[in-house]
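Novice: how does the following fold in three dimensions:
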Amino acid sequence: MIFAGLFWLLRSAIKRDYSKMKDFMISTIVILLFIVHPDITMMMFMAFNCIKVEGKYYLTSDVTVTCYEGTHKFYSLVIVVPSLIIWVMGIPMFALYLLIKNKKHIIQLDRIERYKQQKGYMLSRADSKYIEKASKEIIKIKEQFGFIFAGYDLNHFYWEIIIQYRKIGLIMVSVFLTVISPEV
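Specialist: This is a model prediction of the structure:
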């Protein structure tokens, strides 16, 4: 994220236009969070993936670590559980909050796009002024959060969040339902 910030700062400095830098930064952060979210989610769940060997539980990814004892217990309670709450559940929930907060603008974007299609881009001067005025905030929202809702019907702008939670469920299944067997 630091490199992204430096990139947008440098780009804005070269163009001498800092007006869109915040929007581009937010968009970059949203994209990066959604890209790395599944991998970090898997790592968090792996901390609880233990196998029973001779009456004791050991971490599947490192069988030298005894589960729920000593450092594993400490790290699980201090780092992993809060990360599961904040990262795994919180990031998609926060994205949903931002989408719901901007729902009016997202629905308005849909209406404007449909209106333009109906008129065939032959808009009157009054229509153009109304759309231009309404579009400034809508374009800002689309630049910042369009990655989340861009491929879906705008009345179902929240669908990417449902996809994220489905991914979380699949990751849980893939981590906890893996079968470990000794090689023959």
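
Novice: how close does residue 55 get to residue 66?
Specialist: Distance from residue 55 to residue 66, counting by Cβ to Cβ, to the nearest Å: 11 Å. The C-beta positions use only the backbone N, C-alpha and C, and glycine is treated the same way.

Novice: the two - which one has more neighbours?
Specialist: When residue 55 and residue 66 are compared for neighbours, residue 66 comes out ahead with 16 against 5, by other Cβ atoms under 10 Å.

Novice: and the helix or strand containing residue 41, what does it pack against?
Specialist: If you go by DSSP states H and E, residue 41 is part of helix 21-46. Counting contacts by 3 or more Cβ pairs under 8 Å, 6 or more residues apart in numbering; DSSP states H and E, helix 21-46 packs against helix 2-15, helix 91-101, helix 125-149, helix 159-176.

Novice: try it again at 10 Å.
Specialist: Secondary structure elements in contact with helix 21-46, counted by 3 or more Cβ pairs under 10 Å, 6 or more residues apart in numbering; DSSP states H and E, are helix 2-15, helix 81-83, helix 91-101, helix 125-149, helix 159-176.

Novice: how about those in CSV, adding mean pLDDT and mean neighbour count?
Specialist: Formatted as CSV, the helices and strands packed on helix 21-46 follow (pLDDT from 0 to 100; neighbours: other Cβ atoms under 10 Å):
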stretch, mean pLDDT, mean neighbour count
helix 2-15, 78, 12
helix 81-83, 94, 14
helix 91-101, 90, 16
helix 125-149, 72, 15
helix 159-176, 91, 15
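
Novice: quick one on the thing from earlier: run the angle between the helix holding residue 41 and helix 2-15 for me.
Specialist: Angle, helix 21-46 to helix 2-15, by axes from the mean of the first three to the mean of the last three Cα atoms, to 10 degrees: 170 degrees.

Novice: from residue 58, how far off is the most centrally placed residue in the chain?
Specialist: In the chain, the residue lying closest to the centroid (Cα atoms, centre = their mean) is residue 34, at 3.3 Å. Residue 34 is 33 Å from residue 58, where distance means Cβ to Cβ.

Novice: sec struct for the residue nearest to residue 64 when sequence neighbours are not counted, please.
Specialist: Nearest residue to residue 64, sequence neighbours excluded (Cβ to Cβ, 6 or more residues apart in numbering): residue 58, at 7.6 Å. State at residue 58, reduced to three classes by DSSP: H, G, I helix; E, B strand; the rest coil: strand.

Novice: in space, what's closest to residue 80 - neighbours in sequence excluded?
Specialist: Nearest to residue 80 is residue 47, by Cβ to Cβ, 6+ apart, at 4.4 Å.

Novice: any figure for the gap between the one you found and residue 81?
Specialist: Applying Cβ to Cβ, the value for residue 47 to residue 81 is 9 Å.

Novice: now residue 21
Specialist: The gap separating residue 21 from residue 81 is 36 Å, by Cβ to Cβ.

Novice: thanks a lot, see you next time.
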